[in-house]
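# Sharing a model prediction with you, sequence too.
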Amino acid sequence: MCDTIIKNALVFDGTASRPFEADLALKGPTISEVGRIDHTRAATVIDAGGCAVAPGFIDMHSHADFSLPVQPTADSLLHQGITSAVVGQCGLSPPPLLEETRHEVVGALGGFFSGVARSLPWGEWSSFEGYLDFLARGGVSLNVLPLVGQGVIRASVMGYAAGRADKDQLGKMKAELSKALDQGAIGLSTGLIYPPGSFTPTDELIELTRIVGRRGGFYFSHIRGEGDTLLEAVAEAICIGRETGSPVQISHFKAARRSNWDKSAQALELIRQAQSQGLDITADLYPYRAGSTSLKTLLPEWAHVGGPAETLRRLSEPAQRSRMTADMQAGGYARGIDFKDVLITSSPRRTAYEGRSVSDLAAGDGRDPYEWLFNALAETELDMSMAVFGMSEANRMQEIQDPSMMIGTDGVGLAASGPMARGVPHPRNYGAFPRVLGRFVRDLKVIKLEEAVYKMSGLPARKLRLVDRGLIKAGLAADLVVFDPATVADMATYDQPHQYAKGIIHVLVNGRFVVRDAAHTGDQPGKILRRS
């Protein structure tokens with residue numbers, strides 16, 4: 001007898017092959033049979049007539065490690081059909097924490113992810129293993145593939161000091177990386193626009209990533225530039241892969257700002273050339289025109305040296321503000337930015353700012369946008385997040401067609417009600433995967449449905465060497481999503497983001513329903529997929 005049978009399914013098996021009609025039998029956490037099942041009895045029978053059944057989606061770029069300790073049900077992710085998430089991205093991970101720098105590192109991390117990180121029970125872990133054990137004890141609703149953040153390792157060893165690590169510091173960073181890999185990390189991530197990752201020279205990254213390559217791990221990178229220096233940043237990521245033998249994943253691929261839109265095709269060509277040379281270089285994206293990060297990222301790199309306390313001190317000095325304004329206009333993340341395209345998504349200390357553009361807020365205050373920005377960061381102690389509109393929709397359509405492009409949310413696990421429904425976060429937290437299925441597949445016909453499912457399941461599983469997931473096949477894990485291709489759509493908007501997608505009917509993780517009839521069951525059957 002089976003536990004669950006899904007009847008009359010239109011099966012998209014995760015290989016990019018055309019769909020086929022079949023029934024699925026599940027026993028325990030495993031798919032036990034795929035075919036026409038007429039006689040087998042089951043405790044639960046679901047008629048999927050008219051609906052698609054696909055392998056559970058794999059979020060290749062998630063920050064859910066900063067929400068799972070307080071929202072283990074990861075509602076906004078599960079309602080997208082996501083059953084596994086690669087976390088610890090952009091050089092930012094909750095562990096490891098060293099005693100001598102714990103307070104400084106935790107304080108800096110608290111400014112990310114729309115304030116979610118401030119509510120974490122930071123005292124519950126120090127080591128990478130301790131954090132993963134904490135998640136496992138409490139239970140989670142989806143599978144977790146954890147990366148360790150290079151930025152956190154460097155900050156734990158060196159604080160937020162600029163400059164090259166000395167031999168002793170590099171040795172300590174290598175030791176912390178090795179420990180994290182021993183304790184279950186599947187690889188290393190970098191966030192090379194965020195201090196202290198941005199302070200790190202390429203040769204130091206190579207030294208660390210060599211350890212990852214030797215251990216069979218992965219290098220995920222929020223590269224050093226996604227605008228003016230996009231091509232140089234992609235080349236750096238490829239160089240690191242070539243020198244270390246580590247597979248490379250370029251995170252949330254984009255060409256930001258109109259003046260750089262022509263670089264998207266050139267960057268994809270760099271990746272293709274590297275692949276033709278035998279390198280394992282791939283990328284992921286979220287299907288929106290706006291990115292999102294901490295508002296303090298607009299400040300020049302030097303303004304972050306020494307950590308948040310030093311940044312706040314500099315913001316209090318008129319001469320430093322003048323220097324910041326000049327440098328922001330000349331280069332870096334803020335160069336060429338139009339403040340009407342900068343939307344405040346989270347400001348817990350000044351909620352009246354949320355959902356409004358910087359240009360609108362500055363005009364209402366009778367101030368220059370730079371002056372308003374500096375004042376706002378100072379009064380909120382840097383605790384503000386933003387969405388920045390700057391990508392080309394035409395580029396998004398071309399990028400998603402690339403054979404090696406996967407999908408990520410770049411989000412955390414929120415909920416449409418309760419304490420996790422604060423602010424106006426980027427809608428990708430709720431809608432990235434359904435947006436691909438609805439807008440890019442059904443409405444715009446940019447890619448076929450079987451290709452989209454492959455980019456969300458089979459392709460990332462192959463990249464991550466998940467031999468038991470990402471496909472619908474007897475003997476593999478029963479991570480599944482049942483959705484209606486005719487109605488699936490993202491409902492979250494920039495004005496009203498806390499809305500679950502429609503058309504995602506059932507989601508199963510390890511054979512158990514986490515979403516049934518479009519409602520979260522509260523079950524927590526997810527696994528921590530540690531590096532073995």
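Yes, it's here.

# tell me the mean pLDDT over stretch 449-464?
Averaged over stretch 449-464, pLDDT sits at 98.

# Residue 270 is in what secondary structure piece?
In this structure, residue 270 sits in helix 263-276 according to DSSP states H and E.

# Can you tell me the strand partners of whatever helix or strand comes next after that helix and which way each runs?
Next helix or strand after helix 263-276 toward the C-terminus (DSSP H and E): strand 281-285. Strands adjacent to strand 281-285 in the sheet, as given by DSSP bridges, are strand 248-250 (parallel), strand 405-407 (parallel).

# moving C-terminal of strand 281-285, what's the next helix or strand?
Next along the chain after strand 281-285, with elements defined by DSSP H and E, is strand 290-294.

# elements contacting the helix holding residue 270?
Judged by 3 or more C-beta pairs under 8 Å, 6 or more residues apart in numbering; DSSP states H and E, helix 263-276 is in contact with helix 230-244, strand 281-285, helix 393-401. Placement of C-beta: from N, CA and C, glycine included.

# re the thing from before, output the strands paired with strand 281-285 as a markdown table; include the columns distance to residue 216 and mean pLDDT.
A markdown table is the format used below for the strands paired with strand 281-285 (distance: least, C-beta to C-beta, whole Å; pLDDT from 0 to 100):
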| stretch | distance to residue 216 | mean pLDDT |
| --- | --- | --- |
| strand 248-250 | 14 | 98 |
| strand 405-407 | 20 | 98 |
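
# what comes into contact with the helix or strand of the chain with the lowest mean pLDDT?
Least confident element among the helices and strands of the chain, by mean pLDDT, DSSP states H and E: helix 102-109 (a mean of 92). Residues from elsewhere that reach helix 102-109 (C-beta atoms under 8 Å, 6 or more residues apart in numbering): 66, 92, 94, 97-98, 117, 122, 126, 152, 155-156, 159-160, 307-308.

# Same check on stretch 10-24?
5-9, 31, 33-37, 48, 50-55, 449-451, 453-454, 457-458, 461, 470-473, 480.

# And stretch 313-322, by the same measure?
So stretch 313-322 is contacted by 303, 324, 370-371, 374, 377-378 (C-beta under 8 Å, 6+ apart).

# Low-confidence ranges, this structure, go.
For the chain, the stretches with pLDDT under 70 are 114.

# Domain-wise, how is it divided?
As assigned by automatic domain parsing, the chain contains the domains 2-57+469-520, 66-289+394-450, 294-389.

# can you tell me the distance between the two ends of the shortest one?
Okay, so that is domain 294-389. 14 Å (C-alpha to C-alpha, to the nearest Å).

# now the longest one
End-to-end distance for domain 66-289+394-450, by C-alpha to C-alpha: 32 Å.

# Quick one: list the elements packing against the helix or strand residue 212 falls within.
Following DSSP H and E, one finds residue 212 within helix 202-214. Using 3+ C-beta pairs under 8 Å, 6+ apart, the elements in contact with helix 202-214 are helix 150-158, helix 167-182, strand 187-191, strand 218-222, helix 230-244.

# Could I have the CA atoms of it written out in CSV?
This file holds the C-alpha atoms of helix 202-214, laid out as CSV (Å, rounded to 0.1, in the frame of the first residue of the first chain):
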residue,chain,number,x,y,z
THR,A,202,41.0,38.3,-6.0
ASP,A,203,44.0,36.3,-5.0
GLU,A,204,42.6,36.0,-1.4
LEU,A,205,39.4,34.7,-2.9
ILE,A,206,41.3,32.2,-4.9
GLU,A,207,43.2,31.0,-1.9
LEU,A,208,40.0,30.3,0.0
THR,A,209,38.1,28.8,-3.0
ARG,A,210,41.0,26.4,-3.6
ILE,A,211,39.9,24.7,-0.4
VAL,A,212,36.3,24.5,-1.8
GLY,A,213,37.5,23.1,-5.1
ARG,A,214,39.6,20.4,-3.4
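
# got the contact list for that helix?
150, 153, 164-165, 170, 173-174, 177-178, 181, 187-188, 190, 218-219, 236, 239-240, 243-246.

# which stretch among the helices and strands packed on helix 202-214 comes nearest residue 134?
Taking C-beta to C-beta, helix 167-182 is the member of the helices and strands packed on helix 202-214 nearest to residue 134, at 14.9 Å.

# Now for the residue nearest to residue 438 when sequence neighbours are not counted, how many residues are close by?
Closest residue to residue 438 apart from its sequence neighbours, by C-beta to C-beta, 6 or more residues apart in numbering: residue 489 at 3.8 Å. Residue 489 has 18 neighbours, counted by other C-beta atoms under 10 Å.

# and what of the one 10 residues further on?
Taking other C-beta under 10 Å as the neighbour definition, residue 499 ends up with a count of 17.

# Residue 321 versus that one, what's the distance?
39 Å (C-beta to C-beta, to the nearest Å).

# Can you tell me what sits against stretch 295-307?
Contacts for stretch 295-307 (C-beta under 8 Å, 6+ apart): 104, 107-108, 111, 159-162, 193-195, 198-199, 310-311, 314-315, 320, 324, 327-328, 331-334, 337, 342, 344, 373, 376-377, 382, 384-386.

# Of those, select the buried ones using a ChimeraX command.
ChimeraX command restricting the contacts of stretch 295-307 to the buried ones, with burial defined by 16 or more other C-beta atoms under 10 Å:
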select :104,108,111,159,160,161,193,194,195,198,199,311,314,315,320,324,327,328,332,333,334,337,342,344,373,376,377,382,384,385,386
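
# so how far is the longest strand along the chain off the chain centroid?
Ranked by residue count and defined by DSSP state E, the top strand of the chain is strand 2-11. Centroid separation for strand 2-11 versus its chain: 31 Å, with C-alpha atoms, centre = their mean, to the nearest Å.

# Sheet partners, orientation included, of it?
Its sheet considered, strand 2-11 pairs with strand 20-27 (antiparallel), strand 42-47 (parallel), strand 52-55 (parallel) by DSSP bridges.

# before we move on, the earlier item: pick the most deeply packed of the helices and strands packed on helix 202-214.
strand 187-191 (a mean of 29; mean count of other C-beta atoms under 10 Å).

# I'd like the distance from that one to the chain centre, please.
That offset, for strand 187-191, works out to 12 Å (C-alpha atoms, centre = their mean).

# the inter-axis angle of it versus strand 218-222?
Per axes from the mean of the first three to the mean of the last three C-alpha atoms, to 10 degrees, the angle that strand 187-191 makes with strand 218-222 is 10 degrees.

# can I have strand 187-191 written out in PDB, keeping just the CAs?
What follows is strand 187-191 as a C-alpha-only set of coordinates in PDB (Å, rounded to 0.1, in the frame of the first residue of the first chain):
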ATOM      1  CA  GLY A 187      30.500  25.600  -0.600                       C
ATOM      2  CA  LEU A 188      31.400  29.300  -0.200                       C
ATOM      3  CA  SER A 189      29.500  32.400  -1.200                       C
ATOM      4  CA  THR A 190      30.800  35.900  -1.800                       C
ATOM      5  CA  GLY A 191      29.100  39.300  -1.800                       C
END
